[in-house]
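Visitor: here are the coordinates; sequence isn't available:
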């Protein structure tokens, strides 16, 4: 027991305060006895004695430093027995009765809660919480990057804000002191046993990451919506808005052939030929579509898009005079079309016509006249009202010096173009061929008239 003698210099010390200090010291002597002989009333007397000292301190400020130091020593001795006091006296009940202020710390002594064997695994749940929160942060970052790729809108902002708010709540509770204190207050109000607070944090973080994963897995659905919005803008001539929508659709779903194809169309309309080629190439190299066949039909949903990309990319290469790159694309498209056997729908028929016409065009420029003639005649049989095949057959006959046959083809080229004048505005090459047809036919008429006069 602490037995430091009290100072007795009456000129500097208050005898009343010395008497209180002595009473306090005597009250502390109960801790010298065995624990089994503690009585609650003795502990209560000790605490009330400390109350009297505090009242004396509040009313009288003229105390010596020796008295204050002695009081501090006695308080330190009292705190050493915090566990014994909290164990032998129901302090919570006495707090309600006495209603002491928070500054009266001796009424708020607490015994540490016994550690349950289950708490030995708290470190594991804490580590799991941090891992899950790291995954959550990655999901939020990836989702935000994709959603904002085409620009910021209200829907994307709300989704990301909601995710970030939940992540901050969970992360603050696990990683910062202020967040943990607020989080613990929430758990207390929910009446969750403190023994299971780490488990509760881990469970909340796990629910959070599952929710984020659900949102992340729904991104392809958002991509479909963005693509439909882009198609609507494209139909209305809003190319810039369409481009943003298609870019967002691709960001949300990178392997999205239709969005890549639609974006290529926009680039073509904007005369961004290299960008259009790059998008068509991404569609052409889709592995699922390369492996599409009747036995693996689930990969064939976008086969038409894949074939159209072959055709459009090849046509751009022909315009750039890259015939060697165009021909294999067209041959691959025709081969896949025959293997898949999609039936003679109008869409498939038109696609087959374009592949044959462009392959004949490429072979014509490569001067493979026999193969070119075969493909162009097949195309003419599929679309007998289209001027393109007849214009190219006329050029082919001229190259073979079959002048009479060439004139017949030029005449069909001109006639069919006049019946469908829209092609002159939408197809520059046809416009050029029709002009050639007019020149050739005019020259033939003049020659015929000259012979008649002679």
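Guide: Happy to help now that I have it. This is a predicted model, so every value here is computed, not measured. Numbering: from 1, shown residues only.
Visitor: Okay, now the unreliable bits of the stretch 251-400 of the chain?
Guide: 287-301, 341-344 (pLDDT under 70).
Visitor: Ok, the stretch 51-200 of the chain next?
Guide: In the stretch 51-200 of the chain (pLDDT under 70), the answer is 60-62, 111-121, 123, 147-184, 186-187, 193-195, 197.
Visitor: Tell me where it has helices.
Guide: Here the stretch 51-200 of the chain has its helices, by DSSP state H, counting those that start in this stretch, at 65-80, 82-88, 91-98, 122-147, 154-175, 177-189, 197-217.
Visitor: Give me the buried positions along the second one.
Guide: Counting neighbours by 16 or more other C-beta atoms under 10 Å, one finds that the buried residues in helix 82-88 are 82, 84, 85, 86, 88. Quick note: C-beta positions are derived from backbone N, CA and C, even for glycine.
Visitor: Quick one: residues contacting the third one.
Guide: Remark: with contacts taken as C-beta atoms under 8 Å, 6 or more residues apart in numbering, residue 85 is in contact with 43, 78, 91, 109.
Visitor: Turn the residues you listed into CSV, including neighbour count and distance to residue 333.
Guide: Converted to CSV, these look like this (neighbours: other C-beta atoms under 10 Å; distance: C-beta to C-beta, whole Å):
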residue, neighbour count, distance to residue 333
43, 23, 94
78, 21, 92
91, 22, 86
109, 19, 85
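Visitor: can you tell me which two in those are farthest apart?
Guide: The span of these, defined through C-beta to C-beta, is set by 78 and 91 at 13.3 Å.
Visitor: Please identify the buried residues of stretch 393-401?
Guide: 393, 394, 395, 396, 397, 398.
Visitor: Kindly report the same for stretch 223-241.
Guide: Buried, per 16+ other C-beta under 10 Å, within stretch 223-241: 223, 226, 227, 229, 230, 231, 233, 234, 239, 241.
Visitor: per-residue confidence at residue 438?
Guide: The model reports residue 438 with a pLDDT of 91.
Visitor: tell me which element it is part of?
Guide: helix 428-453 (DSSP states H and E).
Visitor: OK, contacts around the residue nearest to residue 320 when sequence neighbours are not counted?
Guide: Closest residue in space to residue 320, ignoring its immediate chain neighbours: residue 273 at 7.7 Å, by C-beta to C-beta, 6 or more residues apart in numbering. Going by C-beta under 8 Å, 6+ apart, residue 273 touches 267, 316, 320.
Visitor: For the residues you listed, pick the one with the most neighbours.
Guide: The residue in these with the most neighbours, by other C-beta atoms under 10 Å, is residue 267 (21 neighbours).
Visitor: and the nearest residue to that one once chain neighbours are set aside, what does it touch?
Guide: Nearest non-adjacent residue to residue 267, counting by C-beta to C-beta, 6+ apart: residue 276, 3.7 Å away. The neighbours of residue 276, taking C-beta under 8 Å, 6+ apart as the test, are 264, 265, 267, 268, 312, 316.
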